[in-house]
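*Asks:* Pasting a predicted model and its sequence here:
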Amino acid sequence: MSHNAPDPVIPLEYHLTLEPLIKESKFYGNITIKVAVLQEINSLELDCVGLVVHRASVRQGSGESLSLSIRQSEARIILEDKFKTNSIYFIELEYEGVLVENLVGFYKSSYSDERGQKHWLSVFPCIDEPALKAKFTLVALVIGELGSIQQRNENRVISVYTPLGSEQQAEFALKTAKRGLEFFEALFNSSYQLPKLDLVAIPDFAAGAMENWGLLTFRTTKLLCDSNKTDIAAEKRIADAILHEISHQWLGNSVTIKTWASLWLKESLATWMAHYARDKLFDAHDAWRAFITEKQQSALELDSLRSSHPIENLECSKDESVQTFDDISYRKGCSVLLMLAKSIGEDAFFEGIGIYLGRHKFASASSKDFWGALEESSNNKVGAWMSVWTRTQGFPVVKVSTPFHSGNSTQKNRCHHVQVSQEMFLLGGKITPDEATVIYPLQLSIRSRNGVEEFPFQERDMSLPVLGTEMFKVNADHLGFYRTWYEKGHLCRLGEAHSEGWLSIEDRVGLISDTTAIAKAGLQNASDLLDLINAMHSDTNYHVWVQIIKSLNTLRSAWFFGDEEIVNGLDQHFQAVIRRKVGTEGLLENRNLSDDLKGLLLRACGHMRRAVNDPGVDDMIERLKKRASDSISSPFFSSLLSLMLSHGHIEDLEFALRLYQDAKGKADENAMLVVLETLGRVQKSELVERVLQLPLTVATKDQDICIILEHLQDSAAGVLGLWRWFKQVWKVLETRLAPDLLRNLIPIVLGGLCTEPQFLEAQQFFAPCDTMLYQQVLAGALEQICCRATWVQNSGSDLRKWLGEHHYV
């Protein structure tokens, strides 16, 4: 139960007693709330979603109970009487509620142990109004039979709780929690305030994790992995979640936000801190590079839509705030902080955080308070230019002209003048006159063979002197949150220069990503993207190839239902790109490719109807079918299963489902996740229909539905089958799924639609629905359909000409 009081009423203490009756699927509760009334009011309102209040009373101090008029709605109870100024009141409630299984409120979760015996947990996450501090008897509650491992750290105990039998899978989490707690105590120069830190793996959990003070709760896949198997992907996932939530013990718990408008602040900071800590504690995680090349790109994609939102929305209410737990609040916010830390320097950044934490300890703070602390530490006017980034939607595209030089052309250090301009970037549509006036404060980092030069850029356009070379790239290491447009000739030369060694991995990934988005927006030809990819085919870096394959899939999936000749031509080109990368010696024998890259290319073969014929791959698939999976290294297990399902038959899908059951019987959380992630790779219509039978079965946990469905977007049959299924079962999903899961599902279902008739059908389907809980993601998903349809409409002749010239049509 949370208190949604206005400023005149401040909660001081909560005393709560809960009696869960798990077998009866209900619970009883008693609560006493001590509040201070600062000015006279005639009613007091409390949140009580899903509860039935049997008795309510209010007394002033130690006096008698007031005579109340009580009104209860589905979500709130209103206590009507005259509450006097500067008085203390005690509110007492007796209530009951249902222990539901939809992952909301006080709910039930279940798991089966190694003997197949089912165990139930009841989980109570507490959500408080951010600015209203109070003494609470608890902040979260988990009741049930759990195993645990623990370790003492000075004067506190760190424990990881797991389903019975999974204790051994918590060893990495326990080590990471201990290291993370010590790391942040040293970094913030501030001790963790509680005598214990518990981390709990919950089998049914809507969010990835939650930072309840002293009791961190996680999905099992975010906390558990088999310590006998080296799986770097699982370790990255787990370390990121744990370090994010531990950093919240300072940034979010010790200092909370004042209003929901500042939600971004604690989430952006925790995202930044998790990557910073991983970068320091785990060399192999390559944390910042992964953020720049993957997570930042998803934020740029979302923020290029008109339906996006500012990082900080000053008018954001509590109900609206739940829709801002997205890539804007987390990943764009983190990207903006990354720019800020680079601009003022890491030392000043951490000194400012120390001032912020010390000044507002056990209190609430706002973005303005945070900027003030950083201004004090850096002696810079941080608030003025950061407010542009946090309170203005979107980001700029920086347009770069062909350079011209001054002075004698034989001079080694001749100066090239580069004309740059900026304007708001939108994936579809034109910017408004008001949007055209926005100027984003930028620090342009320009990389050439001679190194990196920095230029402040806070104007609409300017001329920059770049020394020594006509070859340069704007946004070195892609630390700036913006796109860059180049004229075609310069873009081609940059592509050809990828192997010279002066462009970083982040530069190469960003170059392809920017070109993809700019082509999709209609500011560049799609053929320019294909030329760039062809020029960079010899690159051997895994991150670069993740982006190459993503960009090719972005283009071909937009054409799923377009001109058949162009669709086939794009497929032929994709296959040629993969074959050329693999080489003649075979994928598994190619010593120039890392195992990660080989696994990635194997999955790409699945997209492209087996672009590579390799006896070694066939042998590994046969070994997989014989369940000799222990002999297959981790990156290949997922890739081979994906390849097998992409081209397989019903017996291959049934085999994958048996693998899942085997992993479930062993409580191998990571293996279960890998299998679930591959099921959507099927491409045959009859297999798509079989996969679509899985989400609403009793055996499928709600949190796993999106995981099963996500990759159905990768084929035309999957896109159509998923949309047809969704329309049929929508009423069931709307009732069954927690709001968080609905918000995750809608972009997946609509993510493959790409024609104007499909847009109109989707728009009409949702028109009669109450979309309040998911209107933000729905608007974005519908807008993306329009953008894909427009791209197809505008790029047909260009693509046909290019594919013809390169003999793909």
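*Replies:* Happy to help now that I have it.

*Asks:* CA only for contacts and neighbour counts going forward, please
*Replies:* Will do.

*Asks:* The stretch 551-700 of the chain: helices as residue ranges?
*Replies:* Remark: helices assigned in the stretch 551-700 of the chain by DSSP state H, counting those that start in this stretch are 564-582, 595-607, 615-625, 634-646, 650-665, 669-679, 685-691.

*Asks:* what packs against the very next helix or strand once past the shortest one?
*Replies:* Just to be clear, that refers to helix 685-691. Counting by DSSP states H and E, the next helix or strand C-terminal to helix 685-691 is helix 705-709. Identification of packing neighbours for helix 705-709 by 3 or more Cα pairs under 8 Å, 6 or more residues apart in numbering; DSSP states H and E yields helix 669-679, helix 739-750.

*Asks:* next structured bit after the last one?
*Replies:* Using DSSP H and E, the helix or strand that follows helix 739-750 towards the C-terminus is helix 756-766.

*Asks:* so what does the helix or strand following that next one touch, helix or strand wise?
*Replies:* As assigned by DSSP H and E, the chain's next helix or strand after helix 756-766 is helix 775-805. Contacts defined by 3+ Cα pairs under 8 Å, 6+ apart place helix 775-805 against helix 505-520, helix 526-535, helix 542-558, helix 564-582, helix 739-750, helix 756-766.

*Asks:* Tell me which of these is the most buried.
*Replies:* Between the helices and strands packed on helix 775-805, helix 505-520 has the highest mean count of neighbours, a mean of 24, where neighbours are mean count of other Cα atoms under 10 Å.

*Asks:* in stretch 433-441, what counts as buried?
*Replies:* For stretch 433-441, the neighbour count (16 or more other Cα atoms under 10 Å) marks 438-441 as buried.

*Asks:* Tell me which residues are up against it.
*Replies:* Outside of stretch 433-441, the residues within contact range by Cα atoms under 8 Å, 6 or more residues apart in numbering are 385, 388-389, 395-396, 422-424, 456-460.

*Asks:* Ok, stretch 525-535 next?
*Replies:* By Cα under 8 Å, 6+ apart, stretch 525-535 touches 488, 491-492, 495-496, 512, 515-516, 519-520, 548, 577, 795, 798-799, 802.

*Asks:* go on, stretch 222-241?
*Replies:* By Cα under 8 Å, 6+ apart, the surrounding residues in contact with stretch 222-241 are 166, 168-173, 176, 201, 208-209, 221, 242, 274-275, 278, 285, 634, 668-670.

*Asks:* Which among these count as buried?
*Replies:* Looks like the contacts of stretch 222-241 have 166, 168-173, 176, 201, 209, 221, 242, 274-275, 278, 285, 634, 668-670 buried, using 16+ other Cα under 10 Å.

*Asks:* my guess is residue 522 is in a strand, correct?
*Replies:* No - using DSSP: H, G, I helix; E, B strand; the rest coil, the assignment for residue 522 is coil, not a strand.

*Asks:* what about it, how many neighbours?
*Replies:* Counted with other Cα atoms under 10 Å, residues neighbouring residue 522 total 17.

*Asks:* Just the C-alphas of stretch 86-99, formatted as PDB.
*Replies:* Provided in PDB are the C-alpha atoms of stretch 86-99 (Å, rounded to 0.1, in the frame of the first residue of the first chain):
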ATOM      1  CA  ASN A  86       0.100  21.200  12.300                       C
ATOM      2  CA  SER A  87      -1.400  18.100  13.800                       C
ATOM      3  CA  ILE A  88      -0.400  14.400  14.100                       C
ATOM      4  CA  TYR A  89      -2.900  11.700  13.100                       C
ATOM      5  CA  PHE A  90      -2.800   7.900  13.100                       C
ATOM      6  CA  ILE A  91      -4.700   6.100  10.300                       C
ATOM      7  CA  GLU A  92      -5.600   2.500  11.000                       C
ATOM      8  CA  LEU A  93      -6.900   0.100   8.300                       C
ATOM      9  CA  GLU A  94      -7.800  -3.500   8.300                       C
ATOM     10  CA  TYR A  95      -8.100  -5.000   4.800                       C
ATOM     11  CA  GLU A  96      -7.700  -8.100   2.700                       C
ATOM     12  CA  GLY A  97      -6.600  -8.800  -0.800                       C
ATOM     13  CA  VAL A  98      -6.100 -11.600  -3.400                       C
ATOM     14  CA  LEU A  99      -2.800 -13.200  -3.900                       C
END
